[in-house]
Structures are given as C-alpha cells and as structure tokens.
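Visitor: fold the following for me, if possible:
(chains A and B)
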Amino acid sequence: MNAKRFGKNDRIFLGTLAVILLMGCAWFFLFSGKDGTVVKITVDGRLYGIYALEAEQTVEIKDEENVTNTLKISQRKADMIKADCPDKLCVHQKAISRERETIVCLPNKVVVEIIGGTEADLDSVT
Amino acid sequence: MKHKTAYLGMFLSLALICSYVESLVPFYFGVPGVKLGLANLVVVVMLYLSGWKDAALISLLRILLAGFLFGNPFSILYSMGGGILSFAVMLLLQRTEKFQMVSVSVAGGIFHNVGQLFVASLAVENYHLFYYAPVLLAAGFATGFLIGMLAQELAGRLKGRL
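Guide: This is a model prediction of the structure:
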C-alpha cells in the first residue's frame, strides 16, 4: 500500500484543477445566458429550421422519409419528446430555454439550440 | 505471469460487470454524457498492477463488448473517443511517477469527457456543445476522484496477490 494517499504533487495538481473547474462552473452558472427567444435546429450540420420559443408548437424533424425526432416547444421551453434512436439521451435531457443551451441527438445528428436573436431575425428566415 | 490469460479474462469480466451495473443505474444530470465511469476503476487498477498494455487491451475490449451488449454503435463511438484520450493521459501521468492514483484517475475522468465532447462535436458538426464543457469537466473531476480513491484502496489490497 502506498504510504500516502496524496503526495505533495497530488495536492498541488488536484487543488489547482479544482479551483480552475470551480471557476469554470461559476462562470457557467452565473453567465449562463439570458432566456432565449429562438430555437434553431440543425441536422447533419445543415440548418433545418428556426422556430420561435413563444409559440406553442410541436416540431417533427424528418430525414428523407421518416420522422426521427419530435421537439415540443411549450411555455418558452424546448424539449425533445421523441427520438427513434436507441439511446434516447436527448429525450432524457431537460427542456432548454436559455441562450446557448443545446440538445443533441448524436445518432440522428440533430442539434437543437437556443439562440437570442430578435423577432426580426426570425422573420427574415421564415 | 503464469496465469495471465485467466487474469485478463477475470479483469475483463469485472470491467464488463461494472459497465452493466452502470447501465442499470442511469445518471441524468441534465447534461448528457455524465457518467460515473465505474469500469475505469478496473482500468486504473490494472494500469498500476499489470502494466499499461494489459490495461489498454482490457479497456478497448470492454468498450467494444459493453457497447454491443448494453449500448449501441453510438455509445461505442462516444466511449472510444473518451476512452482512448483518457487512457493516453492517464498513462502519461502515471509514467511521470510523480502522482498517486487519485490524480491519474482525476485526469482520466476529465479527459474522458473532453474526448466525448470532441466526438460529439465532430459527429454533429456543431461546436456549440463546448458550452457545456465546464460542467462536464467538473463532473469528470468528481467521478475521477471517487474512482481514484476506490482504485487506491483496491490496489493496496490486491498488490502482491496477482
């Protein structure tokens, strides 16, 4: 058995890491963005569609023939409610509403992102 | 080691059982990709007790088999990205012989998540995923620390008996 669980090096290493990571997390939670206004969906790196968070709607994300994912936008939150992939990680993830929050469905290469944007941006796309 | 094949088989089954247990207890912290990484316990212990080649072999086989048994092709992709990067960093740190297992395991935990983040970002061609990096890295620290403490206890008790 090692005489000591933490050597001097370990204390320095772990301490420094802990401080850096805590600061990172503090930054993440303190500045985690304002409430977003627009939901952007990309599939395989290409823009699929942009939807207002305001509007209550259910978006079916389709590939060539099938609906792969279903996104529900309700009460200013976007939530993946259905996916045809095996792991369902995206479905388990919480609803998102703040700027830069993301839901990813890796198997289907679907990325749902919340962005700030103004109504004008939305109008220009739709 | 005379009974090497048997030992490797035993370690592999142990690692697989760890994966199985983990697949039964889902952890969802709101951010996808956060896992306890129980199987890394076996890898860390092996890294110290039976050398890096055995540890690498078991880690690789574990990821493939667990992927086929309890996961899917995508979970293999994620785990490979995380597993390879994490293993490389742990090996480097261990080789310096300046650190105890806790530090090695913490680095492994953090870089496992870094690797996964890269794989995910490449797969979906979207780099905004790195927005979640602070949380994922901190989670890697926490789980790595836990696993490292356990590994130290285990290794201390197993030393000289293999």
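Visitor: which residues are contacting the longest helix seen in chain A?
Guide: Scanning chain A for the helix with the most residues, using DSSP state H, yields helix A:8-30. Residues from elsewhere that reach helix A:8-30 (C-beta atoms under 8 Å, 6 or more residues apart in numbering or on different chains): A:6, B:98-100, B:102-103, B:106, B:110, B:133-135, B:137-138, B:141, B:145. For every residue, glycine as well, the C-beta is placed using N, CA and C.
Visitor: so of these, which two are at opposite extremes in space?
Guide: B:Lys98 and B:Val135 (28.7 Å; C-beta to C-beta).
Visitor: these two: who's more crowded?
Guide: B:Val135 (21 against 13; other C-beta atoms under 10 Å in any protein chain shown).
Visitor: quick one, phi/psi of the more buried one?
Guide: phi -70, psi -40 (degrees, to the nearest 10).
Visitor: could you pull out the helices for chain B?
Guide: B:4-24, B:39-49, B:52-70, B:73-96, B:101-124, B:133-158.
Visitor: in the fifth one, what's buried?
Guide: Which is helix B:101-124. B:101-121, B:123-124 (16 or more other C-beta atoms under 10 Å in any protein chain shown).
Visitor: state the number of residues packed around A:Ala105.
Guide: Careful, residue A:105 is Cys and not Ala. A:Cys105 has 27 nearby residues by other C-beta under 10 Å.
Visitor: what's the local residue count around A:Ile81?
Guide: 13.
Visitor: which residues touch it?
Guide: So A:Ile81 contacts A:58, A:70-72, A:91 (C-beta under 8 Å, 6+ apart).
Visitor: let's go with 7 Å and repeat that
Guide: A:70, A:72, A:91 (C-beta atoms under 7 Å, 6 or more residues apart in numbering or on different chains).
Visitor: looking at those residues, which is nearest chain B?
Guide: A:Val91 (10.2 Å; C-beta to the nearest C-beta).
Visitor: measure the closest one to A:Thr70 for me?
Guide: A:Val91 is 9 Å from A:Thr70, where distance means C-beta to C-beta, to the nearest Å.
Visitor: quick check, central residue of the chain?
Guide: Answering for chain A, as no chain was given. Centroid-nearest residue in chain A: A:Thr102, 1.3 Å away (criterion: C-alpha atoms, centre = their mean).
Visitor: please go with chain B instead
Guide: Residue closest to chain B centre, computed by C-alpha atoms, centre = their mean, is B:Asn40 at 3.4 Å.
Visitor: what sits in contact with each of A:Val91 and A:Thr70?
Guide: With C-beta under 7 Å, 6+ apart, A:Val91 and A:Thr70 have common neighbours A:81-82.
Visitor: which residues of chain A lie near chain B?
Guide: A:1-2, A:5-7, A:9-10, A:13-14, A:17-18, A:21, A:24-25, A:27-28, A:42, A:44-45, A:86-87, A:89, A:92-94, A:100, A:102, A:104, A:106-107, A:109, A:111, A:113 (C-beta under 7 Å from any C-beta of the partner chain).
Visitor: generate a ChimeraX selection restricted to the buried entries among those.
Guide: Buried residues within the residues of chain A next to chain B, by 16+ other C-beta under 10 Å, are selected in ChimeraX with:
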select /A:6,7,10,13,14,17,21,24,25,28,42,87,89,93,100,102,104,106,107,109,111,113
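Visitor: where in chain B is pLDDT low?
Guide: For chain B, applying pLDDT under 70 flags the ranges B:1-2, B:26-33.
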